[in-house]
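Trainee: Mind folding the following:
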Amino acid sequence: MTYTFEKTDIKELTKDQLISWLKQKNIAPFRAGQIMKWVYLHQADQFEQMTDLGKDIRVLLSEHFSIQRLNVQNCEISKDGSVKNLLKLQDGNLIESVLIPEKNHYTLCISSQAGCALGCKFCLTAQNGFTRNLTMGEIIAQVRDPVKTIKSDDTRRLTNIVFMGMGEPLANYKNVVNALSIITDSDFGLKMSTRRITISTAGLIEKFPNLDQDTGVNLAVSLNAADNKTRDMLMPINKKYPIEALLDACKKYPLRPRRRITFEYILIQGINDSVKDAENLAKLLQKVKAKVNLIPFNEHRQSPFKRPDESAIHKFQDILVNKNLTAVIRYSKGLDISAACGQLSAKETVF
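Mentor: Numbering: from 1, shown residues only. Below is the predicted model:
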């Protein structure tokens, strides 16, 4: 696919921005809704397809904007049905997304940055460093494009979105929030439910106060340790936002009714998987509306860390459950194609 550099991708505009542009051209604001429906609901690739718009408007839009799709550089399909796409951006940078089949629906894991600056020791993305934030349109495209690829005779729909791919979503706050305004728009956007979207963060707590109001989606915190010494080693961000500050921010987080904060805890053999670690974690989360996702470490060649054995994993879970915490073991899909949690690298050499 050839990208058009001189024209702005119309997906880079929020609804209000599109209305403002139309007003400048003396076009009625209600046309913004029509245009958005064509782009997001009808999956139009050309403005000429927008038959309820006058020809003059379609020509004007074509002169100023494009409707772009991400370039699928490579695609791998796991034995469990997960699909990992290597996506090339206009400037040549690469990102990855993973479409995961569930029993009754699809979950999509998307990226918010090309690379990541946080340097978490267990994450392969961190090995490549940070390049740049993704734009609003690039984030939206990761959701819009796969919707079109699901076959019409497949009863499962794409309903769940997780910002757990490459990058730290809260470090790209404005673009993530603006993208979500389109992804969750129930009238003119992609109509995804906020209850089925989760943002995972390493703990940029200065963004917490406005996150729920700005997005209404679920919050997941990548915790991975119950003491500062271990978390400092695994996640350098802990030196700026130590566990005490992170947990205090979580306690103050304005949760909506019947929602809880998900704490992701990657279990690494000999690092954070002991009985003492489990007991300390349970104590930490006593006063937080929490649920815990236990994720056995997904090994990769660039890490010395190892996955705990099954007995240690289940023992850890039992301790949390006995302390009245909801704790679920999450076995990552896509392991055979390096599409599991912590394994996204977006390097052409991995294929």
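Trainee: quick one: stretch 184-192 to chain centroid distance?
Mentor: Its chain's C-alpha centre and that of stretch 184-192 lie 17 Å apart, by CA atoms, centre = their mean, to the nearest Å.
Trainee: So for that stretch, what gets flagged as buried?
Mentor: Buried residues in stretch 184-192, counted by 16 or more other CB atoms under 10 Å: 184-185, 188-190, 192. Where you see a C-beta, it was placed from the backbone N, CA and C, and this is true even at glycine.
Trainee: Turn these into a markdown table, columns for pLDDT.
Mentor: Below are the buried residues of stretch 184-192 laid out as a markdown table (pLDDT from 0 to 100):
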| residue | pLDDT |
| --- | --- |
| 184 | 98 |
| 185 | 98 |
| 188 | 97 |
| 189 | 97 |
| 190 | 98 |
| 192 | 97 |
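Trainee: In those, find the pair that's most separated.
Mentor: Based on CB to CB, the longest span within these runs between 188 and 192 and measures 12.8 Å.
Trainee: which stretches of the stretch 151-300 of the chain form strands?
Mentor: 157-163, 197-201, 218-222, 261-267, 290-296 (DSSP state E, counting those that start in this stretch).
Trainee: And the ones you listed: which comes nearest residue 8?
Mentor: strand 157-163 (24.0 Å).
Trainee: tell me what that closest one is packed against?
Mentor: Strand 157-163 sits against strand 105-109, helix 136-149, strand 197-201, with contacts defined as 3 or more CB pairs under 8 Å, 6 or more residues apart in numbering; DSSP states H and E.
Trainee: Rebuild those as CSV, extending it with mean neighbour count.
Mentor: Putting the helices and strands packed on strand 157-163 into CSV (neighbours: other CB atoms under 10 Å) gives the following:
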stretch, mean neighbour count
strand 105-109, 21
helix 136-149, 21
strand 197-201, 22
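Trainee: for the ones you listed, which one sits closest to residue 58?
Mentor: Of those, nearest to residue 58 by CB to CB is helix 136-149, at 20.0 Å.
Trainee: For that closest one, what is the distance to the chain centroid?
Mentor: With CA atoms, centre = their mean, you get 12 Å for helix 136-149.
Trainee: which residues touch that helix?
Mentor: With CB atoms under 8 Å, 6 or more residues apart in numbering as the test, helix 136-149 has contacts from 9-12, 14, 39-40, 43, 68-70, 87, 89, 95, 97, 99, 106, 108, 110-112, 158, 161, 175-176, 178-179, 182-183, 190, 192.
Trainee: could you dump that helix to CSV, C-alpha only?
Mentor: Extracted C-alpha coordinates of helix 136-149, given in CSV (Å, rounded to 0.1, in the frame of the first residue of the first chain):
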residue,chain,number,x,y,z
MET,A,136,-4.4,9.2,17.5
GLY,A,137,-5.1,7.9,14.0
GLU,A,138,-2.5,5.1,14.3
ILE,A,139,-4.1,3.9,17.6
ILE,A,140,-7.6,4.0,16.0
ALA,A,141,-6.4,2.1,12.9
GLN,A,142,-5.2,-0.8,15.1
VAL,A,143,-8.9,-1.3,16.1
ARG,A,144,-10.6,-0.2,12.9
ASP,A,145,-8.6,-2.4,10.5
PRO,A,146,-9.1,-5.8,12.2
VAL,A,147,-12.9,-5.2,12.4
LYS,A,148,-12.9,-5.5,8.6
THR,A,149,-10.9,-8.7,8.6
